[in-house]
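Enquirer: here are the coordinates; sequence isn't available:
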């Protein structure tokens, strides 16, 4: 039996490629026969394009959109709903980890959910501590907290060097969505 | 008809995620019905896992491994073979661009091939100038040259913050390969 050491991986930074690199990692893992679960904290972050492509890879790759449509512009009155949704997603992540069914779990935009106060850092640290030794855990989103970086194995900062929006170019189908 | 403005995209930097983000982008584009061609300058950079997954997405996604197995340790006597292979790949990229068959072409590890002297920067700039307006061109590899960054629309630096090798953890199936 292969000696697998499951990694905790973080893709953070203000540049592109945090979620797309996680997607590529999911594809690579899938191609190696690993079972991959993706939980999305922010609904709508993944669009039709990749969702359709991912459907080709079921049942060893599963995406679940968990958020309630949180955006930074949400009114305060709505925020309790989003907090509950995010916290429920953490609970589901814990259960799925403990089920032993998955070789890789991707928690897409978890850092974002922490940043906007939907989840406490301590809840996330507690969850990471439950990670089975052989399972890979991937966390995406800008502004990863120092405490989370501290307990990760592999951390990459996607840094914006040049962005087409700044040259007045609009979002493109197949690139941004 | 949609007003598509094809982007020139560069994923560079010393961190993980340059090729995996391109892979995720290919998946997203594919899911949007775009046709994607991937040319690999360095053979063996993409492994069994993603190649197998990508096969599910044919014929709208095609990968061609073009390199002759160049590594930095190659003996000088071998380098002419690798230069010819890399230059032929640039010629093929130009032809494929001009064919109008593809909505996205990914030139994986092209920056690496430039860095190790297999291709001149000017050849690459000349190729980029031929890019059809609506086609997206994605170039990966560390140490992207300034001249290439200058003519790109979207440039992201994948920056290593923390790497498991440094903690003595070995490469993992489904993560590194």
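Expert: Cool, the structure landed. What you see is a predicted model, and the numbers here were worked out from it, not measured in a lab. Residues are numbered from 1 along each chain as shown, chains lettered A, B, ... in the order given.
Enquirer: in chain A, which spans are strands?
Expert: In chain A, the strands defined using DSSP state E lie at A:8-12, A:36-40, A:61-65, A:104-108, A:136-140, A:154-162.
Enquirer: need the ones you listed in a markdown table with mean pLDDT, distance to residue B:136 and mean neighbour count, can you?
Expert: No exception for glycine: its C-beta is placed from N, CA and C like everyone else's. Below are those laid out as a markdown table (pLDDT from 0 to 100; distance: least, C-beta to C-beta, whole Å; neighbours: other C-beta atoms under 10 Å in any protein chain shown):
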| stretch | mean pLDDT | distance to residue B:136 | mean neighbour count |
| --- | --- | --- | --- |
| strand A:8-12 | 96 | 21 | 26 |
| strand A:36-40 | 94 | 24 | 23 |
| strand A:61-65 | 90 | 24 | 18 |
| strand A:104-108 | 97 | 23 | 26 |
| strand A:136-140 | 97 | 22 | 27 |
| strand A:154-162 | 95 | 15 | 22 |
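Enquirer: how about those strands in TSV, adding distance to residue B:23?
Expert: Output for the strands of chain A, formatted as TSV (distance: least, C-beta to C-beta, whole Å):
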stretch	distance to residue B:23
strand A:8-12	14
strand A:36-40	14
strand A:61-65	14
strand A:104-108	14
strand A:136-140	14
strand A:154-162	15
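Enquirer: now the most centrally placed residue in chain A. Nearest residue, chain neighbours left out?
Expert: The centroid of chain A falls nearest to residue A:108 when counting by C-alpha atoms, centre = their mean (1.5 Å). If the residues on either side of it in the chain are set aside, residue A:108 comes closest to residue A:40, at 4.6 Å by C-beta to C-beta, 6 or more residues apart in numbering or on different chains.
Enquirer: contacting residues for the one you found?
Expert: For residue A:40, the contact set (C-beta atoms under 8 Å, 6 or more residues apart in numbering or on different chains) comprises A:46, A:63, A:64, A:65, A:66, A:67, A:108, A:109.
Enquirer: was I right to think the residue nearest to the centre of chain A contacts residue A:19?
Expert: Yes - here residue A:108 reaches residue A:19: they are 5.8 Å apart, a contact under C-beta atoms under 8 Å.
Enquirer: and for residue A:58, the neighbour number?
Expert: By the measure other C-beta atoms under 10 Å in any protein chain shown, the count of residues near residue A:58 is 10.
Enquirer: now it: how far from chain B?
Expert: Distance of residue A:58 to chain B, given as C-beta to the nearest C-beta, to the nearest Å: 11 Å.
Enquirer: do the same with residue A:104
Expert: 7 Å.
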